[in-house]
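Chemist: got a sequence here, can you model it:
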Amino acid sequence: MGGTGPGQYDTAAKRWAGVGPYYAMFPTDFADRVVRHYTHAGDTVLDPFAGRGTSIFSAAVQGRSGIGIELSPVGWVYTRTKLAPAGKRAVSNRIRELDTQAGNFRREAEALPEFFHHCYSPRVRQFLLMARKDLDWRGNQVDRTLMALLLVYLHGKRGGALSNQMRQAKSMAPDYAVRWWTERQLAPPDVDPVDFLTRRLEWRYAKGRPSTAKCWVYLRDSVERLPELKRELREGKFKPVRLLLTSPPYYGVTNYHYDQWLRLWLLGGAPNARRPKGAGAHRDKFENLEKYRRLLARVFEGAAALLDKKSSVYVRTDRRELTRDVTNEILRSTFPGRRIRVKEQPFVRPTQTSLFGDASVKAGEVDFIISGS
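Modeler: Got it, this is the predicted structure:
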């Protein structure tokens, strides 16, 4: 839970930085280095594909303002919570309050699809249903903090999560998971949710809460939100952006809904992995090349309108030829006349392409860097 490396979790910022198992996430130390190198205290950092908010959190704890936009409510909950977690006592009280009423969901817990019966014990199912109904994660800081912790521990290794054995960063297909558990005769662990969450709460808050600069994090589509931010910049709501630091979705790799379907269920979604109708154009696996190119073009164009004249741009993306070439093309079109440095990044940790089965010799990532003047 806490790691063993010397100094790995010796500050509040380090303990909260890791909130949110998430595919394609920046390594925290990488974001820290980039923010420190390309900005100064008081500068503004923008990430239009914020994910779990690593770049924004890194900016905030180093005295920079951050603007993050994220389409996934899972990533948005993680980011908002890290930037401003509620007090420990209030969260602890909320856990116990939910537990006292969770028994009212006994019938609903029995009616859940087969997957949930294999994944969670009856008491955990009831607690999760109560949390799903009662937590106001959009509008209440305490409820959002508790929801973030529930999302972190919703599934993972036995003993370290509320669920049966399951990968932590990516929700598994229900039918596959049921077959896997059945073949191995794995019953859901008998977990007391109050005791489990209380112990995790004690560890997370052991160094206090992080001190962060002012940030704005939006649960929106960047294609829609960035033009609005241009108007707000003119109105003086925030200073021009000094660093654009982001990692766009990789072409043909991740799927917004399918990969996080179980956490999306806890946030109010359907109890299955099927993508709901009308979910939006940018929640797919990005397998249409023209749509993918158009998305990157519109987002980087919108972001460019917020940058100051001395801004830097740092984009990490997939090293595979197609994704790399499209990103390169869009950046050169968006920032004509500016020198783009390309830096190869071999795998040093599991990332989108490795997690989803790319074992080719070109596996890895690449950074496109535009240094400010």
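Chemist: so who does residue 264 touch?
Modeler: Neighbour list for residue 264: 73-74, 257 [criterion: Cβ atoms under 8 Å, 6 or more residues apart in numbering]. Quick note: C-beta positions are derived from backbone N, CA and C, even for glycine.
Chemist: hey, where'd the strands end up in the stretch 151-300 of the chain?
Modeler: Along the stretch 151-300 of the chain, the segments classed as strands by DSSP state E, counting those that start in this stretch run 215-219, 241-246.
Chemist: which of those strands has the highest mean neighbour count?
Modeler: Burial of those is given as mean neighbour count (mean count of other Cβ atoms under 10 Å); strand 241-246 ranks first at a mean of 26.
Chemist: now for that strand, which elements pack on it?
Modeler: In terms of contacts (3 or more Cβ pairs under 8 Å, 6 or more residues apart in numbering; DSSP states H and E), strand 241-246 is packed against helix 28-38, strand 44-47, helix 54-61, helix 289-304, strand 307-318.
Chemist: about what we covered before: closest to residue 196 out of the strands of the stretch 151-300 of the chain?
Modeler: strand 215-219 (27.7 Å; Cβ to Cβ).
Chemist: can you tell me what sits against that closest one?
Modeler: Outside strand 215-219, the residues that reach it (Cβ under 8 Å, 6+ apart) are 50, 53, 56, 59-60, 65-71, 73, 76, 79-80, 83, 138, 225, 238.
Chemist: in strands, which of those residues fall?
Modeler: Restricting the contacts of strand 215-219 to those inside strands, with DSSP state E as the criterion, leaves 65-70.
Chemist: may I see those residues organised as JSON lines, with pLDDT added?
Modeler: Rendered in JSON lines, the data for the ones in strands among the contacts of strand 215-219 read as follows (pLDDT from 0 to 100):
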{"residue": "65", "pLDDT": "97"}
{"residue": "66", "pLDDT": "97"}
{"residue": "67", "pLDDT": "98"}
{"residue": "68", "pLDDT": "98"}
{"residue": "69", "pLDDT": "98"}
{"residue": "70", "pLDDT": "95"}
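Chemist: tabulate those residues (a markdown table), appending neighbour count and distance to residue 234.
Modeler: Converted to a markdown table, those look like this (neighbours: other Cβ atoms under 10 Å; distance: Cβ to Cβ, whole Å):
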| residue | neighbour count | distance to residue 234 |
| --- | --- | --- |
| 65 | 23 | 17 |
| 66 | 32 | 20 |
| 67 | 27 | 15 |
| 68 | 31 | 20 |
| 69 | 27 | 18 |
| 70 | 27 | 24 |
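Chemist: just the pLDDT at residue 284, thanks.
Modeler: On pLDDT, residue 284 comes in at 56.
Chemist: thinking again about what came up before, make a markdown table out of the strands of the stretch 151-300 of the chain and add distance to residue 331 and mean pLDDT.
Modeler: As requested, these are exported to a markdown table (distance: least, Cβ to Cβ, whole Å; pLDDT from 0 to 100):
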| stretch | distance to residue 331 | mean pLDDT |
| --- | --- | --- |
| strand 215-219 | 23 | 97 |
| strand 241-246 | 10 | 98 |
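Chemist: closest one to residue 41 among the ones you listed?
Modeler: Short answer: strand 241-246, nearest of the strands of the stretch 151-300 of the chain by Cβ to Cβ, at 10.9 Å.
Chemist: can you list the helices and strands packed on strand 241-246 in TSV and add mean pLDDT, mean neighbour count and distance to residue 324?
Modeler: Formatted as TSV, the helices and strands packed on strand 241-246 follow (pLDDT from 0 to 100; neighbours: other Cβ atoms under 10 Å; distance: least, Cβ to Cβ, whole Å):
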stretch	mean pLDDT	mean neighbour count	distance to residue 324
helix 28-38	95	18	18
strand 44-47	98	29	20
helix 54-61	97	29	20
helix 289-304	95	18	12
strand 307-318	94	20	6
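Chemist: JSON lines for those, including distance to residue 372?
Modeler: What follows is the helices and strands packed on strand 241-246, written out as JSON lines (distance: least, Cβ to Cβ, whole Å):
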{"stretch": "helix 28-38", "distance to residue 372": "7"}
{"stretch": "strand 44-47", "distance to residue 372": "12"}
{"stretch": "helix 54-61", "distance to residue 372": "15"}
{"stretch": "helix 289-304", "distance to residue 372": "13"}
{"stretch": "strand 307-318", "distance to residue 372": "4"}
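Chemist: now do the helices in the stretch 251-373 of the chain.
Modeler: Remark: helices assigned in the stretch 251-373 of the chain by DSSP state H, counting those that start in this stretch are 261-266, 289-304, 321-334, 352-355.
Chemist: can you lay out those as CSV showing distance to residue 150?
Modeler: Written out in CSV, the entries for these read as follows (distance: least, Cβ to Cβ, whole Å):
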stretch, distance to residue 150
helix 261-266, 6
helix 289-304, 30
helix 321-334, 33
helix 352-355, 23
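Chemist: now, which of the ones in strands among the contacts of strand 215-219 sits nearest residue 42?
Modeler: Of all these, the one with the least separation from residue 42 (Cβ to Cβ) is residue 65, at 7.5 Å.
Chemist: hang on, isn't residue 143 packed against residue 137?
Modeler: Yes. Taking contact to mean Cβ atoms under 8 Å, the distance of 5.4 Å between residue 143 and residue 137 places them in contact.
Chemist: compare these two (neighbour count), which wins?
Modeler: Neighbour totals were compared for residue 143 and residue 137, and residue 137 leads with 25 against 20 (other Cβ atoms under 10 Å).
Chemist: picking up where we left off before, to residue 370, which of the helices of the stretch 251-373 of the chain lies closest?
Modeler: Comparing these by their distance to residue 370 (Cβ to Cβ), the top pick is helix 321-334, with 7.6 Å.
Chemist: other SSEs contacting that closest one?
Modeler: The elements that helix 321-334 packs onto, with contact taken as 3+ Cβ pairs under 8 Å, 6+ apart, are helix 289-304, strand 307-318, strand 365-370.
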